[in-house]
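Student: Output the structure for:
(3 chains)
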Amino acid sequence: MIGFILRRLIAAIPTLIAVLTVVFLIVRVIPGDPALVILGDQATPEAIAALHTRLGLDRPLWEQYFAFLGRSLSGDFGTSLVTNRAIVSEVAAVLPHTLDLTGASMVIGVVIGVPLGIWAALHRNRAIDIAARLLSLVGLSFPVFVSGVFLLLAFALHWKVFPVIGNARLDDFPDRIHKLILPAITLGLVMSAYVTRVTRSAMLGVLAEDFIRTARAKGIPWRRVVWKHGLRNALIPVVTVVGLYVGILIGNSVLTEIVFNRPGLGKIIVGALNQRDYTMLQGLMVIYCFLIVVVNLITDLTYGLIDPRVKA
Amino acid sequence: MSATATPAPVPAPAAAPQVSPLRRAVQRFLSNPTTGIGIVLCALVVIGAVFAPYLSPHDPIDQNIIDRLAPPGGDFPLGTDAYGRDVLSRILWGARVSLIVSLSAIAAAIMIGGTIGMISGYIGGRFDLITMQVMDVLLSFPSLILGLIVVALLGPDLVNLVVAIALTAIAPFARIARAPVLALKERAFVEAGRALGFSHIRVLFVHILPNILSEVLVMGSLWMATAVRTEASLSFIGLGVKPPTPTWGGMMRDGFENILDAPWLSIWPGLAILVLVLGLNMIGDGLRDATDPKLRGE
Amino acid sequence: MTILTVENLVKHFTVTKGFPRPVTTTVRAVDGVSFSVGEGEAFGIVGESGCGKSTVARAFLRLVEPDDGTINYRGEDVRAARGATLTMLRRRMQIVFQDPYSSLNPRRTVGQAIIEPMRVHGIATGRAARDKAAALMEEVGLPAAALDRYPHEFSGGQRQRIGIARALAVEPELIVADEPVSALDVSVQAQVLLLLKNLQRRRNLAFVFVSHDLGVVRWFCDRVAVMYLGRIVEEGPVAPVLAEPLHPYARVLRDASPVPDPSLRGALPRIAGEIPSAANPPSGCHFHPRCPVAQPECSVSYPEWRDRGARGAACVLV
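Tutor: Model (predicted):
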């Protein structure tokens, strides 16, 4: 197992470099001068040249690339153009909020999605199955900012069960939870819609396999067949989707944070966009890349736990 | 066995399926109520977009300070926004942006991503390995963040939105197109084509392409739903087509700012987005069920 | 007159597996095969599955690129052929596949399948191409009206006829038949074989007939080569080679194939052991671990080819 983890860790390094290269390409190769974007059309040539020097844009492209790669891999994500503070510390200050939100919504998604998916698969083409499929389709179709606004209108403005502003204090635990519930439900519902669908189809696929028929033919009770043989095999695609979904989750968390006015990575991104904080945007992208590579790694390792064949 | 015997006359085709796979797929497609509802929902939006000039009771851009934030009813069936513009008219016109952006972005992604995937799968080997690794990298990016950065760097306008959203969908279409090519290129008819002296281009685009087209188009409708959502999300963040052009995401943004005074301002465009995305998802789902060979056998 | 000469054909496949220390294994699918085919001659290649007989056919057609050896078709160097020369060679040599279900594109009508090669090679277009296609359909025993139908509307035997018509569309001189009847029902096998035999006579076609079925090869071919683990172990006129083989492997193969004569009923000899992997063939003669008459030197070096009149074999006892 340790060898397996080590191999995966080593294999993640080229992926990380590749992702960083894509970030660099997107930021640098896209036409347009960032200095011009930052300073606006009326900027003097001197001001633009000064910003070029400050951003390192006056150096050759390959030099910029390797400098960027080296800094990123050593954990230096740069400083904000606007506040002049290290991007890492800006992110670290709000990261707990984003982790609260994404973590809670993943839990909600799995807790609702997996049982619902199994239930639907076991009652294929009956009312419960059709309802589950329809509900998950509707859930998938809701952009989170729409469902967020709808939930906000209903539970915060109309019934006033939850606060409108989600600016939770990290040291006040009840407050933190209270302000997390509505945003987490917003994100969790979309997640559960994905998980329901994948669990259902994976379960249907597994239940059609020969070894399930064999298990039943051997006289193993149906309940035991489902839990012992079916679920374990159906979970593999579910883990993949949960892992893949993290990318979507991160994107959706930006929107949720805006709707509920929560501090977090999403708000930093939008702030950086509005202030044309170019270095901040680039640093945030790099941080997102690290997050995604780590999540992919965790997904891979989870496979190893569920599926004994992967370890080989 | 006599070598002089003539081949027996061949009777009418036997042991072959009586109904063509295409017709069976069409039947299954139409018998699925999900698809029917999806078509109705999408048709609503398309009709609204195409006939917006005739259906709109008011000009979507004209401001009217007297009637600002009017609740639904009377002269304004869905109310007015903070500038006194008619919400219904803006929703009808806003459908155009959603449809144009998502349709062109997905068309571009299918053409670029599909070609990359087909060529990569057909060539195979190390080239395929590297290409697919690059695609995986693109795929692992949160598409909203990717789109957001691209639009932020290029500046928000219609073309850049299309570019940004297309960029987020190239990798999935490369994957979708590649998988069946890997299986198809092992089929003997591809080898037969090579033996008959067909060029690789001809084999790939005349023989393999038609066999993967349905799979790609099914995913196209599902990804168009995602594209509509991404466009609306970018507009909601403020990176959409510039105002005063009405967009659903932009209307949500305006409505969100007036959420305490005029909740309908966020409800109507939200429902409009939901109708289109749900409709596209339903069509895609129905199409997938109709073409999926795994489901066909039952 | 000889039209195709293959000398020392080699095709190795390499497979790299494992991380972090990848292990590369080389599968010697074809390991120095030589033979020639004359005009209008039916040349058979027989052997067990995995012996490399299909790879030989694909290699001299350049459907897989050979690693070594020379291939000569009517004075033309096949391995060096590019562009127009290769296109010309593709017209001369055609192939009929084993699996009639995957050999036709499901999205194209029978007519399209037959006319397309004519167009690509500039043989005929438009009305003329369609007339030619109709004639080809009649020639392979199918109604011309079937040109507008799709492959899934036909049975396996009918599809095989379509595949033959498609190969004939470019007017080849030589057809590689790669197990052309082994995927078909026994009753249909005979019809398709008769069709191929008639075509051979009528069009003076040469055949390279790849099969594992000795009965079919005995009936169809003039000469035959027996392959074992990537090499030809015996070659010669079909009747003597399959009746009284020189090579012990060919004998084993003959004895394992049923003979339709009840008076010859007797105990079937057993072949000792499994067929070894072509990735790791035994030293010396590849057959020696299973050979009933193996000599001490057989495990040391590969036996040299010995000619015996019109035939020959690679065995020390010949």
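Student: Near chain A, which residues of the stretch 151-298 of chain B? Just list them.
Tutor: By CB under 8 Å from any CB of the partner chain, the residues of the stretch 151-298 of chain B that approach chain A are B:152-155, B:225, B:229, B:232-233, B:236-239, B:249, B:252, B:255-256, B:259-260, B:263, B:266-267, B:270, B:273-274, B:277-278, B:281-282, B:285, B:294. Using the backbone N, CA and C atoms, a C-beta is placed for each residue, glycine as well.
Student: got any ranges where chain C has weak pLDDT?
Tutor: C:17-22, C:258-273 (pLDDT under 70).
Student: before we move on, what about chain A?
Tutor: A:1, A:29-34, A:37-38, A:165-166, A:168, A:307-312.
Student: in it, what residue is nearest chain C?
Tutor: Of all residues in chain A, residue A:7 sits closest to chain C, at 6.4 Å by CB to the nearest CB.
Student: neighbours around that residue, how many?
Tutor: 14 (other CB atoms under 10 Å in any protein chain shown).
Student: tell me which element it falls in.
Tutor: helix A:2-29 (DSSP states H and E).
Student: For that helix, enumerate the helices and strands it packs against.
Tutor: Applying 3 or more CB pairs under 8 Å, 6 or more residues apart in numbering or on different chains; DSSP states H and E, one finds that helix A:2-29 contacts helix A:61-73, helix A:278-306, helix B:125-140, helix B:143-154.
Student: could I get the shortest one in PDB with only the CA atoms?
Tutor: When you say that, I think you mean helix B:143-154. Taking only C-alpha atoms (Å, rounded to 0.1, in the frame of the first residue of the first chain), the coordinates of helix B:143-154 have been written out as PDB:
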ATOM      1  CA  SER B 143     -14.800  24.900 -16.000                       C
ATOM      2  CA  LEU B 144     -16.400  28.000 -14.400                       C
ATOM      3  CA  ILE B 145     -13.000  29.200 -13.100                       C
ATOM      4  CA  LEU B 146     -11.400  28.600 -16.500                       C
ATOM      5  CA  GLY B 147     -14.200  30.500 -18.300                       C
ATOM      6  CA  LEU B 148     -14.000  33.200 -15.700                       C
ATOM      7  CA  ILE B 149     -10.300  33.800 -16.100                       C
ATOM      8  CA  VAL B 150     -10.400  33.700 -19.900                       C
ATOM      9  CA  VAL B 151     -13.300  36.200 -20.100                       C
ATOM     10  CA  ALA B 152     -11.600  38.400 -17.500                       C
ATOM     11  CA  LEU B 153      -8.400  38.500 -19.600                       C
ATOM     12  CA  LEU B 154     -10.100  38.900 -23.000                       C
END
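Student: Phi first, then psi, for the residue of the stretch 151-300 of chain C found nearest chain A.
Tutor: Nearest residue of the stretch 151-300 of chain C to chain A (CB to the nearest CB) works out as residue C:279 at 19.8 Å. In terms of degrees, to the nearest 10, the main-chain angles of residue C:279 are phi -80, psi -20.
Student: Let's see stretch B:113-123 as PDB, backbone CA atoms only.
Tutor: Extracted C-alpha coordinates of stretch B:113-123, given in PDB (Å, rounded to 0.1, in the frame of the first residue of the first chain):
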ATOM      1  CA  GLY B 113     -12.400  18.700 -29.500                       C
ATOM      2  CA  GLY B 114     -14.000  16.000 -31.600                       C
ATOM      3  CA  THR B 115     -11.200  16.300 -34.300                       C
ATOM      4  CA  ILE B 116      -8.500  16.100 -31.600                       C
ATOM      5  CA  GLY B 117     -10.100  13.100 -30.000                       C
ATOM      6  CA  MET B 118     -10.600  11.200 -33.300                       C
ATOM      7  CA  ILE B 119      -7.100  11.900 -34.600                       C
ATOM      8  CA  SER B 120      -5.600  11.000 -31.300                       C
ATOM      9  CA  GLY B 121      -7.500   7.800 -31.000                       C
ATOM     10  CA  TYR B 122      -6.800   6.800 -34.600                       C
ATOM     11  CA  ILE B 123      -3.100   7.500 -34.400                       C
END
